[in-house]
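Participant: Pasting the sequence and the predicted model now:
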Amino acid sequence: MKIDYVKARQVFDSRGNPTVEAEIKAGKIIERAIVASGASTGSNEAIELRDKETAFKGKGVLKAVSNINKKINSKLKGMGISAQKEIDSAMLELDGTENKSVLGANAVVSVSMAAARAGAKAKEIPLYQYLGELAGNKKFVLPVPQMNVLNGGKHAGLENDIQERMICPIGAKTFNEAMQISTEIYHILKSLMKKKFGSVAGLIGDEGGFVAQIKNEEEKLELILKAVEEAGYLDKVSLAIDCASSEFFKDGNYFIGEKKFSAGELTDFYSELTEKFNIYSIEDGMAEEDWIGWKQLTAKLGNKIQIVGDDLLVTNIKFIEKAIKEKSCNALLLKVNQIGSVTESIESANLSFKSNWNVVVSHRSGETEDSFIADLAVGLGAGQSKFGAPVRSDRNAKYNQLLRIEEALGKNAVFGKK
Ligand code: 2PG
Ligand code: MG
């Protein structure tokens, strides 16, 4: 089946910012995909093309849309729809830059995801299976969700703050049970927050988590653990944090709240938090340029917990290879729009698996109703996801898709880490 056309339109994400929706037609098949967008972005991410005109304060994406309608459309027309690799490399070739700055990573990745959906349709198989085939993986795994229930940092308009505090129902037996555990905790946390800080404390940040009026990090984590305990799940839930520490790194030091830390002091601080609050995973504990700090952190905690690279790696093989060599971390946060194509995302995941790293498939803080990454997590058999709190349809689109997939897999469904 051959591609008849590729086209695009400007639509809107969960923060009300313009984003790209690509549409692809092959025979009777028409499929679409929408791109997500980050706030605490890594400086080496592929370029998200924005119009920089007066409309939408420069955030319009009509240039990216036009690149799809004209250049990408003429390049891909007539290609086989199930040739994902060829489709992606044709776009990379057309762009010709390392960071997709000509066409825009938002243009390329939306077409890439829509093409994968159409490719799966053409083969009459589910998307997760199609992505699994592309990755050479046959073991479909429903991910343990890392759910960001207390938002901070850029996602909550706060400075010098750890960005995400997540509950992870590691002890659940199924994804379905993981959802029950997480939502029950979420609702208890909501009432604890309201009791402590009044009704405004029930309001939420970009990823659906609450925004605590607490300065002290320990108090925040205590509050979450209290909710876990009241819900009766202390034995089934671990915590994870995404520090997004590039945001509070200045002149070689880290600033959290009123405190200043060197990389060594910060490592000690994380070590204490890990012991006290049953933390199994720390993401972006060090800043993207602080490769020495990363190495120290992994040397100290890497054999006990998961050390996840997000801004550090930007889902890019070049940085993953460096991090493997330097033992900078032991897990990849995988974001498709960070690298800008499905094929490259799969390559990054496979390189990580090969090095015995874990992979966490992740959303962006600016999300949409597109649930592509739910299928990707299962297809890769990654075993872990990070899609925000279990509220708001931009986040629950992914969780609800995982519930459908678990049901479809029936007895063959596996939940948990790869
Ligand atoms: C992160 C992400 C998603 P953003 O830092 O991991 O939670 O945030 O999309 O803003 O980069
Ligand atoms: Mg992150």
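Facilitator: On my side now, so go ahead. Bear in mind that the values here come from a model prediction, so they are computed numbers and not experimental data. Ligands and ions are numbered 1, 2, ... in the order given.

Participant: only C-alpha atoms for contact and neighbour calcs from this point on.
Facilitator: Fine.

Participant: Which strand or helix spans the residue nearest to residue 84 when sequence neighbours are not counted?
Facilitator: Nearest residue to residue 84 in three dimensions, chain neighbours excluded: residue 116, at 6.5 Å (C-alpha to C-alpha, 6 or more residues apart in numbering). Residue 116 belongs to helix 105-123 when assigned by DSSP states H and E.

Participant: The residue nearest to residue 84: what's it in contact with?
Facilitator: Residue 116 sits next to 82, 84, 127, 130, 131, 342 when contact means C-alpha atoms under 8 Å, 6 or more residues apart in numbering.

Participant: Give me the pLDDT for it.
Facilitator: Residue 116 carries a pLDDT value of 99.

Participant: got it, and residue 418?
Facilitator: Residue 418 is assigned 50 on the pLDDT scale.

Participant: How about the most centrally placed residue in the chain: what's its closest non-neighbour residue?
Facilitator: Central residue of the chain (C-alpha atoms, centre = their mean): residue 362, 1.7 Å from the mean position. In space, and not counting its chain neighbours, residue 362 is closest to residue 386: 4.6 Å by C-alpha to C-alpha, 6+ apart.

Participant: The one you found touches residue 363, doesn't it?
Facilitator: Yes. When contacts are counted by C-alpha atoms under 8 Å, residue 386 is listed as touching residue 363 (6.3 Å).

Participant: related to what we said a few turns ago, quick check, nearest of the contacts of residue 116 to ligand 1?
Facilitator: residue 342 (17.6 Å; C-alpha to the nearest ligand atom).

Participant: Surely the closest one is in contact with residue 109?
Facilitator: Yes. Between residue 342 and residue 109 there is a contact at 7.0 Å, judged by C-alpha under 8 Å.

Participant: got the residues of the stretch 101-250 of the chain near ligand 1?
Facilitator: residue 244 (C-alpha under 6 Å from any ligand atom).

Participant: Sketch out the strands for the stretch 101-250 of the chain, chain order is fine.
Facilitator: In the stretch 101-250 of the chain, the strands defined using DSSP state E, counting those that start in this stretch lie at 141-142, 144-151, 164-168, 238-242, 249-250.

Participant: go on, the stretch 251-400 of the chain?
Facilitator: 253-256, 259-261, 279-283, 306-309, 331-334, 358-362, 383-386.

Participant: who wins for proximity to residue 234 among these?
Facilitator: Residue 234 lies closest, by C-alpha to C-alpha, to one member of the strands of the stretch 251-400 of the chain: strand 279-283, at 12.3 Å.

Participant: Phi first, then psi, for the closest residue in space to residue 46 that isn't next to it in sequence.
Facilitator: Of all residues not flanking residue 46 in the chain, residue 99 sits nearest, at 4.4 Å (C-alpha to C-alpha, 6+ apart). In terms of degrees, to the nearest 10, the main-chain angles of residue 99 are phi -110, psi 20.

Participant: Quick one: residues contacting residue 99.
Facilitator: 45, 46, 47, 105, 339.

Participant: Which element, helix or strand, includes residue 53?
Facilitator: Assigned by DSSP H and E, residue 53 belongs to no helix or strand.

Participant: need the contact list for the closest residue to ligand 1 within the stretch 201-350 of the chain.
Facilitator: Across the stretch 201-350 of the chain, no residue is closer to ligand 1 than residue 244, which sits at 5.6 Å (C-alpha to the nearest ligand atom). Residues in contact with residue 244, defined by C-alpha under 8 Å, 6+ apart, are 40, 162, 163, 283, 284, 285, 286, 287, 311.
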